[in-house]
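Chemist: Need coordinates for the below:
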Amino acid sequence: MQEISFKKKPAVLEQTSFSHANLYLRIRKGKFPHPVKIGSSSVWIDSEVNTVCRAMAAGYTDDQLKELVAKLEADRKNVVQ
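Modeler: Next up, the predicted model:
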């Protein structure tokens with residue numbers, strides 16, 4: 001089974017160079033993964049953040065990013081299997 005690690009918002013903002021507002025705008029538009037809730041904390045799955053960052057660096061279009069994010073979030077359901 002693949003190991004999963006999490007990032008809190010400050011680490012995501014540092015890695016992406018997004019502002020708080022830009023991060024949440026991208027989430028609303030489907031171009032960045034939603035955080036997951038662990039207890040009362042919202043965290044991002046490290047591998048998802050890395051995958052989206054690589055896609056942005058590769059020049060993915062907005063539509064390609066939306067497809068990628070949708071797939072990443074759908075795949076979360078299969079993580080425990």
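
Chemist: all contacts plus neighbour counts: C-alpha atoms, from now on.
Modeler: Will do.

Chemist: Local confidence estimate at the most centrally placed residue in the chain?
Modeler: Nearest to the mean C-alpha position of the chain, by CA atoms, centre = their mean, lies residue 33 at 3.3 Å. What the model reports for residue 33 is a pLDDT of 98.

Chemist: Residue 78 now?
Modeler: For residue 78, the pLDDT comes out at 80.

Chemist: Count the neighbours of it for me.
Modeler: Burial of residue 78 is recorded as 8 neighbouring residues (other CA atoms under 10 Å).

Chemist: now swap in residue 56 and tell me
Modeler: Using other CA under 10 Å: residue 56 sits among 16 other residues.

Chemist: biggest helix in this structure, by residue count?
Modeler: What stands out as the longest helix in the chain, according to DSSP state H, is helix 62-75.

Chemist: who touches that one?
Modeler: Helix 62-75 has contacts (CA atoms under 8 Å, 6 or more residues apart in numbering) with 29-34, 48, 52, 55-56.

Chemist: Quick check, the residue nearest to the centre of the chain in contact with residue 48.
Modeler: Yes. Counting by CA atoms under 8 Å, residue 33 touches residue 48, with 7.1 Å between them.
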